[in-house]
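A.B. asks: Quick one, fold the following:
(chains A, B, C and D)
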Number of protein chains: 2
Amino acid sequence: MPKRVDHDERRTQIAEALIQVAGRQGLHAVGMRDVAAEAGVSLRLVQYYFQTKEKLLFHGLQHLTDRFTARVGARLAAAGQDPGPRATIEALLLASLPTDEESRTFHLLYSSYSILSVTDEALAAQPFIDNPDAAENALTQLIQKAQETGQADAGTDARTEAISLLAMTATMGTSILVGQRTPESATAALQYHLDRIFNSSQTSPTTR
Amino acid sequence: MPKRVDHDERRTQIAEALIQVAGRQGLHAVGMRDVAAEAGVSLRLVQYYFQTKEKLLFHGLQHLTDRFTARVGARLAAAGQDPGPRATIEALLLASLPTDEESRTFHLLYSSYSILSVTDEALAAQPFIDNPDAAENALTQLIQKAQETGQADAGTDARTEAISLLAMTATMGTSILVGQRTPESATAALQYHLDRIFNSSQTSPTTR
DNA sequence: ACCACTATGATACGGTCGTATCATAAAGAG
DNA sequence: CTCTTTATGATACGACCGTATCATAGTGGT
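C.D. replies: So this is what the prediction gives:
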């Protein structure tokens, strides 16, 4: 049966299997045999494409961030072109909340990787989010822009507010994940702060 | 050498060994043999006091929350009696940040347990924080009280602000843990919001 | 003084996991 | 059409882990 097959495609398929099973059992509990079974291939094949488990985990992480980036990008595009700073921020933040199965897996695995990287220096060396400050900088600039155009209260510290929004969103995501909070209440809390930061121009309907 | 020994004391000793080694290697990586070695006892003894690893983990978690509760209580006591709502909130929040080795371990293990409980229903069934809403309710009441006495801006939603402060603090803690943020910058962001919520009565000097 | 029970040690067992080895079927090159 | 290379399968190995078993030393009760 061995035809000439696209390597990258195969690797992607296996990486997605890893993400699937990790989302189900937890990242710590996935073995190479689980991944192989989930992908519908033999254990040997997983070894063939990723020589070691460590490399598989790294690639899976990479694939996860790629998919997440694409997802956020799609949400932004869905918000329309130039939807205004507030709607843009809303799209960014709400896209990060675990509201469906895919984003739930995203959040769980991101958190798992983060916690793992505290005690695993090999993982910590991996640049596992493109740039940890990228989102922070983007939000800061959006808020500053809104302040300049009078859409946002000029009296607030844009960077601190950006940091705060991201921090809140992260914890809200985890709270949703563990069942302590509903997506609705998390969204409400975020909206509360957006209402505070931005002047009362109405919310873009496409992002609600 | 077997004297009559206090069981609870022994269990505590072993649980602390678990916390120690888990803080070093990560919760997922601790084995019973590691715990035994860390406690300076034999593997058999760990089995003797905790029949199964699951029970050991549960007890370790329990012990962790107890120590954390005691720590927060000590911080509150150190803030003096009736230090005012803002100082009390400051003490609560800052006590949760991983600023020293002990609180660093606390935060790491709490986070690990939380993430683990998403995919481990036995852990999820454990009531692993006394009451998840206890801190939220406490903060809400403190803010409300300050609003009634004019110490805080009456125009804010006390509960949402409480939720937000706790959410921010949690993420800040993780950020400090992974080295993305310094304790100082985390504190500064929290102070920013306290300054916003509370009227400009100066901060209690004992908590800075 | 002896007995029964608590406390501790040494070691073994079955399972799983990551990895390695051996084998071989298919496909492109000449 | 062979031959080399790529792709896949079956299986084995050594390590480790949680747990169980067997043994025994010390101690309190009577």
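
A.B. asks: Not counting its own residues, what contacts the least confident helix or strand in chain A by mean pLDDT?
C.D. replies: When the helices and strands of chain A are scored by mean pLDDT, DSSP states H and E, helix A:121-125 comes last with a mean of 87. Residues outside helix A:121-125 that contact it (CB atoms under 8 Å, 6 or more residues apart in numbering or on different chains) are A:54, A:57, A:58, A:61, A:113, A:116, A:117, A:118, B:178, B:179. Heads up, the C-betas are built off the backbone N, CA and C, glycines and all.

A.B. asks: go again using 6 Å as the cut-off
C.D. replies: With contact meaning CB atoms under 6 Å, 6 or more residues apart in numbering or on different chains, helix A:121-125 is reached by A:116, A:117.

A.B. asks: Need the residues that contact the helix or strand hosting residue A:17.
C.D. replies: Under the criterion of DSSP states H and E, residue A:17 resides in helix A:7-25. Here helix A:7-25 makes contact (CB under 6 Å, 6+ apart) with A:30, A:34-35, A:38-39, A:46, A:49, A:59-60, A:63, A:105, A:108-109, B:119.

A.B. asks: these two touch, right, residue A:160 and residue B:189?
C.D. replies: Yes - using CB atoms under 6 Å, residue A:160 makes contact with residue B:189 at a distance of 5.5 Å.

A.B. asks: Once you drop chain neighbours, what's closest to the residue nearest in space to the middle of chain A?
C.D. replies: With distances taken as CA atoms, centre = their mean, the residue of chain A nearest its centroid is residue A:68 (4.8 Å). Take residue A:68 and drop its neighbours on the chain: the residue closest to it by CB to CB, 6 or more residues apart in numbering or on different chains is residue A:106, 5.3 Å away.

A.B. asks: tell me which residues in the helix or strand harbouring that neighbour are buried?
C.D. replies: Here residue A:106, judged by DSSP H and E, is contained in helix A:101-119. Neighbour-count burial for helix A:101-119 flags A:103-119 (criterion: 16 or more other CB atoms under 10 Å in any protein chain shown).

A.B. asks: Now the residue nearest to the centre of chain A: which helix or strand?
C.D. replies: Assigned by DSSP H and E, residue A:68 belongs to helix A:53-78.

A.B. asks: Contacts (any at all) between DNA strand D and that helix?
C.D. replies: No - for helix A:53-78, no contact with DNA strand D is found by CB under 7 Å from any atom of the strand; the gap never falls below 12.0 Å.

A.B. asks: Same question for stretch A:107-124.
C.D. replies: No - contact of stretch A:107-124 with DNA strand D is not found when judged by CB under 7 Å from any atom of the strand; the minimum separation is 14.4 Å.

A.B. asks: Do I have it right that residue A:72 meets residue A:97?
C.D. replies: No - the criterion here is CB under 6 Å, and residue A:72 misses it with residue A:97 at 11.6 Å.

A.B. asks: burial count for the closest residue to residue A:92 other than its chain neighbours?
C.D. replies: Once flanking residues are discounted, residue A:92 sits nearest to residue A:72: 6.5 Å by CB to CB, 6+ apart. Neighbours of residue A:72 under the rule other CB atoms under 10 Å in any protein chain shown: 15.

A.B. asks: do you know how far residue A:72 is from DNA strand C?
C.D. replies: Taking CB to the nearest atom of the strand, to the nearest Å as the measure, residue A:72 falls 30 Å from DNA strand C.

A.B. asks: Ok, residue A:54 next?
C.D. replies: Separation of residue A:54 from DNA strand C (CB to the nearest atom of the strand): 6 Å.

A.B. asks: Can you give me the domain boundaries for chain A?
C.D. replies: A:1-51, A:67-207 (automatic domain parsing).

A.B. asks: Name the residues of chain A found near chain B, please.
C.D. replies: Contact residues (CB under 6 Å from any CB of the partner chain) of chain A with chain B: A:25-26, A:28, A:108, A:111-112, A:114-115, A:118-119, A:132, A:160, A:163-164, A:167-168, A:170-171, A:177-178, A:180, A:189, A:192.

A.B. asks: hang on, residue A:139 packs against residue A:162?
C.D. replies: Yes - using CB under 6 Å, residue A:139 is in contact with residue A:162, at 3.6 Å.

A.B. asks: Please name the nearest non-neighbouring residue to residue A:136.
C.D. replies: residue A:162 (5.5 Å).

A.B. asks: Could you check the pLDDT of residue A:3?
C.D. replies: Residue A:3 is assigned a pLDDT of 58 by the prediction.

A.B. asks: Sorry, slip of the keys, the one I care about is residue A:127.
C.D. replies: 71.

A.B. asks: ok, how many other residues are close to residue A:29?
C.D. replies: 14.
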